[in-house]
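In: 3D, please:
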Amino acid sequence: MTEAPQPLANTAADSALQAYVLGPVDFDAALALQRRLVYQVSGDRSASALVLCEHPPLITVGRQGSWNNVLCEAEELVARHWKVRWVNRGGGCLLHQPGQLAIYPILALDRLGLGLQDYIERLQEVVVAVLDDFSIRAHTRPGQPAVWVGDRPVAGIGIAVRDWVTYYGAVLNINPNLEVFRRVLTCGSGRAEGAIMTSIERERRGPLRPALVRERLLEHFAQRFAFARTSLFFEHPLLRRKAPLDALATRS
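Out: Below you'll find the predicted structure:
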């Protein structure tokens with residue numbers, strides 16, 4: 001799955017983007033929702049969805065990650081109430097916490113005519129454009145699944161694809177506690193002190209409304225992926241039920 005597929009007859013402009021703008025959502029419940037949406041888009045490739053939410057504190061480790069990225073002993077993980085999940089997305093280790101926006105697009109890449117690298121780059125462009133709206137100059141680095149401000153990553157990217165339908169996506173720091181990122185090596189940041197993650201609020205040197213960030217992200221996402229219409233939803237019936245675990249817990 002390395003070559004870009006030829007676009008199908010329909011394009012993104014032929015259908016609305018279904019955007020689920022949610023509040024705090026348990027990681028396992030959000031993953032179950034993504035799997036449901038992947039199933040729906042796989043059956044109707046004219047459909048597309050975007051899930052925006054935030055998670056309670058936990059660590060996810062992608063296919064390029066390892067325990068070497070987690071600088072906490074088991075006792076500290078327990079004391080911080082940080083669960084660790086091994087997941088099937090690309091990328092390395094990500095620390096999720098409140099104040100961080102999780103961005104999960106569910107798109108049929110074959111309908112859009114996008115290959116994996118093209119999709120990742122377009123997703124990075126969305127994040128860079130959002131930061132530019134807040135007068136923050138951001139950039140990407142070749143081979144690095146992140147978006148950077150100076151020498152600090154502000155967003156991490158890790159995707160999964162099933163039958164050319166995407167899930168997972170990106171996390172963008174709005175105003176999380178940055179000190180805890182010293183305990184996890186995220187986004188290929190390395191051990192250099194200067195590579196600890198940053199946030200929009202830190203770079204702006206002042207607070208901002210997370211709702212404004214979500215609004216700008218929706219606008220840029222629809223523009224970059226050529227959606228003519230966006231339908232907003234603030235809940236999903238699946239989240240009213242308890243979701244089963246869909247990732248491996250370790251060090252239990």
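
In: where does pLDDT dip in the chain?
Out: 1-14, 188-195, 241-252 (pLDDT under 70).

In: ranges for the strands of it?
Out: Here the chain has its strands, by DSSP state E, at 16-24, 48-54, 58-61, 83-86, 93-96, 100-106, 146-149, 152-162, 165-173, 229-233, 248-249.

In: dump the ones you listed to CSV, plus distance to Val41 and mean neighbour count.
Out: Glycine gets a C-beta too; all of them are placed from N, C-alpha and C. Shown next, in CSV, are the strands of the chain (distance: least, Cβ to Cβ, whole Å; neighbours: other Cβ atoms under 10 Å):
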stretch, distance to Val41, mean neighbour count
strand 16-24, 10, 18
strand 48-54, 7, 23
strand 58-61, 22, 24
strand 83-86, 23, 19
strand 93-96, 24, 25
strand 100-106, 5, 23
strand 146-149, 25, 24
strand 152-162, 10, 23
strand 165-173, 5, 26
strand 229-233, 14, 12
strand 248-249, 25, 12
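
In: distance to Phe221 added to these, as CSV?
Out: Shown next, in CSV, are these (distance: least, Cβ to Cβ, whole Å):
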stretch, distance to Phe221
strand 16-24, 8
strand 48-54, 6
strand 58-61, 22
strand 83-86, 25
strand 93-96, 20
strand 100-106, 7
strand 146-149, 14
strand 152-162, 13
strand 165-173, 10
strand 229-233, 9
strand 248-249, 30
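
In: relative to Val213, which of those strands is closest?
Out: strand 100-106 (6.4 Å; Cβ to Cβ).

In: mind listing the helices for the chain?
Out: 27-43, 74-80, 109-112, 116-133, 200-204, 210-224 (DSSP state H).

In: packed most tightly, which of these would that be?
Out: Of all these, helix 109-112 has the most neighbours on average by mean count of other Cβ atoms under 10 Å, namely a mean of 22.

In: give the contact list for Ala170.
Out: Ala102, Ile103, Leu123, Val127, Ala155, Gly156, Ile157, Gly158 (Cβ atoms under 8 Å, 6 or more residues apart in numbering).

In: pretty sure the third one contacts Gly156?
Out: No: with the criterion set as Cβ atoms under 8 Å, Leu123 and Gly156 do not qualify as a contacting pair; they are 11.2 Å apart.

In: what's in contact with stretch 72-82?
Out: Stretch 72-82 is contacted from outside by Pro57, Leu58, Ile59, Val70, Val84, Val180, Arg183, Val184, Arg251, using Cβ under 8 Å, 6+ apart.

In: beta partners of the most centrally placed residue in the chain?
Out: With distances taken as Cα atoms, centre = their mean, the residue of the chain nearest its centroid is Ala170 (2.0 Å). Going by DSSP bridges, Ala170 is paired in beta bridges with Ile103, Ile157.

In: how near is it to Leu218?
Out: Using Cβ to Cβ, to the nearest Å, one gets 14 Å for the distance from Ala170 to Leu218.

In: I'd like the helices of the chain as TSV, with distance to Arg141 appended.
Out: Shown next, in TSV, are those (distance: least, Cβ to Cβ, whole Å):
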stretch	distance to Arg141
helix 27-43	27
helix 74-80	29
helix 109-112	23
helix 116-133	10
helix 200-204	17
helix 210-224	20
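
In: compare those helices and give me the one nearest Leu17.
Out: Each of the helices of the chain has some distance to Leu17 by Cβ to Cβ; the shortest is helix 210-224, at 5.9 Å.
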